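Trainee: Structural data only, the sequence is not supplied:
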């Protein structure tokens, strides 16, 4: 990030200004590189101009490491995410109350007799959830596997050396992640290895040397047989696995995704829809099934997925989490919920009984039809037979629990009078306990509360976006539109998806701000008072909100409303500061916060001094002493120029929208690859509503927002 960018805010003032972005058309080289990938495999992940570069970089990293390992006659060990040596850092976040405790770590070649990344290609029947509460991620991964996008995510691997390279979409850009093949083993137990407290059960795996004489006798004193039974094969894995023996892609993608977020615990209670965005670069929307107006249209345009540009995950509302906070029923820690406040209050009391806390914080209600609330199920297909509509779903736990009509033991299969084999073939269904089940479309609408839809973008779509650092101001404050204003213009009529997003905070759990932010926006044609559209009204407390519409050529204004909800006491100390490695973990998290924040066009790295991490690409092979002297001289020069050019304002009037075009910051932004009809560049502007600060010492950390336009001419 260029250090000459405007500083957005100071402690006692509310600066700028409109931030104007001129987005250039892609160059000929960018067009060629972006379309070359589409020409070979026609991917449905977001094909931005930097995607080929990220894939190339990831492949080079994997090949370079593989070459070095072969030269040194060793397998690859990822010291940045070492499950064996750095167990606590890889498994637990700063906000953990109990820790995951796998018994051991072993290589894939030690766990499986004949390991393969794919056996017969990625398939939804190959995913089973482990002890981690990441059902939302696994459900969406199952959908991605169904439509053949897993191959787009794993771009390079050397299974002999044990190194794998993946790409993910994070904070509106593609990033690459490299991991080794070490996996954690599951905790197994016999009937005598359980401990009971308050009618709640938890288990602890005992190594052979820890077994009692009676327990060893029950295994006929055969240590080799005992280890083979509990330490080999897919069922020995602690976290997710493939139900197809010897297949490894599921635990390795889960591991790469955990590394991207800092640790495995960050994947628990993951908001439904976010993982789908991270895996594809698409845009997720939560729909309430009770709000569907035209059910036939929903069947043909959404569930049937005729154009292959969307994927669906469904869920039930849980009694332990408010619907407005729980995106898809996957989280029991919604901001400000009664349960969240209660559990936070009794946390110190429950700490000695960590497994009691485990059940209280993560239990799921089971409905009368066998389905679980606060759990995500993937929609993997639809079918019509003899005028009846069926939906095929899958439980990432890998077991079937639907007990309603057309469940595996229901009477409908025999009463219908249809040939059983023909019906099963038409529905693509087998009577296997692999988590797959079917229900009629009517039962689907009656049963499920929410459907999370992810919309994909192919090479015909162009992406234009800008990130801003937004001062939060005092809290509490009025909740009204106009906190932030963005403007854009279209040179011709286009199909547009407008997305308002904030930074992904899963990585920062435990040190995130004391408030959660809710986002809404409304779109106007410039100088007109009638709103054209508002963000979809599912909930404002998600990572992003969006709306899709057709717009004519012209200029448009997007006005944003930011709501805030206190989720903890701002004076509350960091969680679990009694841990010996808490500061080390905090240092990693803090560095990632600054790296993520630097994406804002008005981010000022000078404000953070030595805390700002420096990318190694900036100093490879150079004399650091000389570089540091030159850098400090340049920074002082730029700081003086910025102060002379933009002195601090004298005062602000309350609720006054201030236009300060002369203080605009000009940056360059990348665009998506060009469609068949070349449009004019889209211009984005952002401005902040300045409000007088009555209580200057209660400001939270700045909020980082982005406005993204996915558009294609019509």
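Mentor: Now that the structure is in, tell me what you want to look at. These numbers come from a predicted model, not from an experiment.
Trainee: Direction included, what does the one helix or strand residue 556 maps to pair against?
Mentor: Residue 556 is part of strand 554-566 when elements are defined by DSSP states H and E. Strand 554-566 has its sheet partners listed here by DSSP bridges as strand 484-490 (antiparallel), strand 515-525 (antiparallel).
Trainee: Tell me which of those strands sits nearest to residue 252.
Mentor: strand 515-525 (32.3 Å; Cβ to Cβ). From N, CA and C alone the C-beta is placed, and that goes for glycine too.
Trainee: Which residues does that closest one contact?
Mentor: Contacts to strand 515-525, defined as Cβ atoms under 8 Å, 6 or more residues apart in numbering, come from residues 335-336, 472, 475, 481, 498, 500-502, 530-535, 539-542, 544-545, 547, 549, 554-567, 700, 703, 705.
Trainee: For that strand, list every residue counted as buried.
Mentor: For strand 515-525, burial by neighbour count (16 or more other Cβ atoms under 10 Å) applies to 515, 516, 517, 518, 519, 520, 521, 522, 523, 524.
Trainee: Residue 399: which element?
Mentor: According to DSSP H and E, residue 399 maps onto no helix or strand at all.
Trainee: Could you report the pLDDT at it?
Mentor: Here the pLDDT value assigned to residue 399 is 73.
Trainee: who's in contact with it?
Mentor: 433, 434, 435.
Trainee: Among these, the buried ones, what's the PyMOL command?
Mentor: Selection command for PyMOL covering only the buried members of these, criterion 16+ other Cβ under 10 Å:
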select buried, resi 434+435
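Trainee: Pick the one among the contacts of residue 399 closest to residue 279.
Mentor: Nearest member of the contacts of residue 399 to residue 279, counting by Cβ to Cβ, is residue 435, at 19.5 Å.
Trainee: Not including adjacent chain positions, what is the nearest residue to that closest one?
Mentor: Distances taken as Cβ to Cβ, 6 or more residues apart in numbering put residue 395 closest to residue 435, at 4.1 Å, once the chain neighbours are dropped.
Trainee: can you count the residues close to the one you found?
Mentor: Neighbours of residue 395 under the rule other Cβ atoms under 10 Å: 27.
Trainee: try residue 368
Mentor: 7.
Trainee: The one 4 residues further on now?
Mentor: Summarising burial for residue 372: neighbours were counted as other Cβ under 10 Å, giving 20.
Trainee: Across the sheet, point out what pairs with it.
Mentor: residue 366.
Trainee: wait, doesn't it sit right on residue 316?
Mentor: Yes. Contact criterion Cβ atoms under 8 Å: residue 372 and residue 316 qualify, at 7.3 Å.
Trainee: low-confidence ranges in the stretch 501-650 of the chain?
Mentor: Within the stretch 501-650 of the chain, the stretches with pLDDT under 70 are 537-540, 568-581, 643-650.
Trainee: Spell out the residue ranges of the strands in it.
Mentor: For the stretch 501-650 of the chain, applying DSSP state E, counting those that start in this stretch gives strands covering 515-525, 531-534, 544-551, 554-566.
Trainee: Make a markdown table from those and add distance to residue 69 to it.
Mentor: Listed next are those as a markdown table, based on distance: least, Cβ to Cβ, whole Å:
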| stretch | distance to residue 69 |
| --- | --- |
| strand 515-525 | 44 |
| strand 531-534 | 53 |
| strand 544-551 | 39 |
| strand 554-566 | 49 |
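Trainee: between those, which one is nearest to residue 117?
Mentor: Using Cβ to Cβ, the strands of the stretch 501-650 of the chain put strand 544-551 closest to residue 117, at 31.6 Å.
Trainee: Hey, what's the angle from the closest one to strand 515-525? Just curious.
Mentor: Going by axes from the mean of the first three to the mean of the last three Cα atoms, to 10 degrees, strand 544-551 is angled at 10 degrees with respect to strand 515-525.
Trainee: Can you tell me which helices and strands strand 544-551 packs against?
Mentor: If contacts are counted by 3 or more Cβ pairs under 8 Å, 6 or more residues apart in numbering; DSSP states H and E, strand 544-551 sits against strand 283-288, strand 494-502, strand 515-525, strand 531-534.
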